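J.: Need the 3D shape of this:
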Amino acid sequence: MSEPLDAAAAFARYEEVRARLPAATYPQAPLHAPTLAEVADRWDGFVLDAFGVLNIGDTPIPGAVERMAQLRAMGKRLVVLTNAASYTRADALAKYRRLGFDFGEDEVVSSRDVAVAHLDRVAPGAHWGAISQAGDDFHDIPARVTSLLDTGGWDRVDGFLFLSTSRWTLETRAALHAALAARPRPLVVANPDLVAPREGGLTIEPGFWAHEVIDRLGTPVHWFGKPFPEAFAEAEQRAGLPPHRLAMVGDTLHTDVLGGRAAGMAAILVTDHGLFAGRDVSPFLSGSGIVPDVIVAST
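T.: From the prediction side, this is the model:
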């Protein structure tokens, strides 16, 4: 496969595909604060990324559980918006509760749920071939779905649903490219991230490989998840607030900050735990022109 990406390489790739992302406007300069606590009174609700904001892999970020409790005590609305498309919303909710968070079912939006809600709009009645993690049974998807990595059948499906790179290989990449070259079909990507921060470093996510498909084949991709609008519209609906009263809190510029600002929300960049951990973010801000409203070290 490809070499692991660091923050600089991921940033460079995001900039290469920038024209495929939503457009947004930004403040001239960000406010700086240690944590969300110092700026919480500016908004009525917060849309929270998971990786790099609440947790790193299966480890909660120190103080994040307590910060959510503090925000609740202040009367703030909270919604988690995650691009982790391997998880159903119920699975994501169970994970957060294992980590100590008290989010309710209506406070979690997964990009998987957003993609599933739009499958019939993309291709009504289609038989979907899924690229997914082991054990995914697709019980939450009201459509015919086949696991391509378990049963094959690349030539027999009407479209492709890209959920996870956990079993992605050179053979998988070749099979997807060959199938799309032989017969163009819809490619739905439920995780637009290029990378995700985990305990061992950055993992390469479905968005990375989907952009390669566009580069090589010109295949149109249907994106669902940050930074694209359907995910933010769902989070806004769950929060029950207009976008200007919400702040998107995340660890990336091209998904969280760009996506939040494009949706009409404010954006808060967390720097100590996610994509930019251990790095000065200033060159990335100036290099992209993507500027959050606030930069905090930690949640």
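J.: mind listing what the residue nearest to Met74 when sequence neighbours are not counted touches?
T.: Leaving out its chain neighbours, the residue that sits closest to Met74 by CB to CB, 6 or more residues apart in numbering is Ala40, at 6.0 Å. Glycine gets a C-beta too; all of them are placed from N, C-alpha and C. Contact partners of Ala40, counting by CB atoms under 8 Å, 6 or more residues apart in numbering, are Phe46, Gln70, Leu71, Met74, Lys76.
J.: Assess the claim that the first one and Leu36 are in contact.
T.: Right, the one you point to is Phe46. Yes: applying CB atoms under 8 Å, one finds Phe46 in contact with Leu36, separated by 7.2 Å.
J.: Which one (most neighbours) among the contacts of Ala40?
T.: Comparing those by number of neighbours (other CB atoms under 10 Å), Phe46 comes first, having 26 neighbours.
J.: quick one: the helices in the stretch 151-299 of the chain?
T.: Using DSSP state H, counting those that start in this stretch, the helices of the stretch 151-299 of the chain run over 170-182, 206-217, 229-239, 258-262, 282-288.
J.: Let me know which of those helices is tucked in deepest.
T.: helix 258-262 (a mean of 27; mean count of other CB atoms under 10 Å).
J.: hey, C-alpha coordinates of that helix in CSV?
T.: Output of helix 258-262 as CSV, limited to C-alpha atoms (Å, rounded to 0.1, in the frame of the first residue of the first chain):
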residue,chain,number,x,y,z
LEU,A,258,-13.7,24.2,6.5
GLY,A,259,-16.8,22.1,6.8
GLY,A,260,-18.1,24.0,9.9
ARG,A,261,-17.5,27.4,8.3
ALA,A,262,-19.1,26.3,5.0
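J.: which residues touch that helix?
T.: Contacts of helix 258-262 (CB under 8 Å, 6+ apart): 21-26, 47, 226-229, 231-232, 247-248, 250, 266-267, 290.
J.: Please list only the buried members of these.
T.: Buried members of the contacts of helix 258-262, counted by 16 or more other CB atoms under 10 Å: 21, 24, 26, 47, 226-229, 231-232, 247-248, 250, 266-267, 290.
J.: Between Phe46 and Leu36, which contacts overlap?
T.: Common neighbours of Phe46 and Leu36 (CB under 8 Å, 6+ apart) are Leu71, Val249, Ile268.
J.: Closest one to Ala92 out of these, please.
T.: Val249 (16.6 Å; CB to CB).
J.: residues near that closest one, how many?
T.: 30.
J.: With the one 5 residues further on instead?
T.: Counted with other CB under 10 Å, the neighbours of His254 add up to 25.
J.: The closest residue to it other than its chain neighbours: which element?
T.: Of all residues not flanking His254 in the chain, Tyr14 sits nearest, at 4.0 Å (CB to CB, 6+ apart). Assigned by DSSP states H and E, Tyr14 belongs to helix 7-16.
J.: And the closest residue in space to Leu285 that isn't next to it in sequence, how close does it get to Ala10?
T.: Spatially, and ignoring its direct neighbours in sequence, Leu285 is nearest to Val291 (5.7 Å; CB to CB, 6+ apart). Distance, Val291 to Ala10, using CB to CB, to the nearest Å: 18 Å.
J.: Work out which residue lies at the spatial centre of this protein.
T.: Taking CA atoms, centre = their mean as the criterion, Asn83 is the residue nearest the geometric centre of the chain, at 2.8 Å.
J.: Pretty sure that residue sits against Pro227.
T.: No: assessed by CB under 8 Å, Asn83 is found out of contact with Pro227, at 9.5 Å.
J.: which neighbours do the two share?
T.: Pro192, Thr255.
J.: circling back to that earlier point, show only the entries of the contacts of Ala40 found in helices.
T.: Among the contacts of Ala40, DSSP state H puts Gln70, Leu71 in helices.
J.: In CSV, list the contacts of Ala40 along with distance to Phe284 and pLDDT.
T.: Shown next, in CSV, are those (distance: CB to CB, whole Å; pLDDT from 0 to 100):
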residue, distance to Phe284, pLDDT
Phe46, 22, 98
Gln70, 29, 98
Leu71, 27, 98
Met74, 31, 97
Lys76, 28, 98
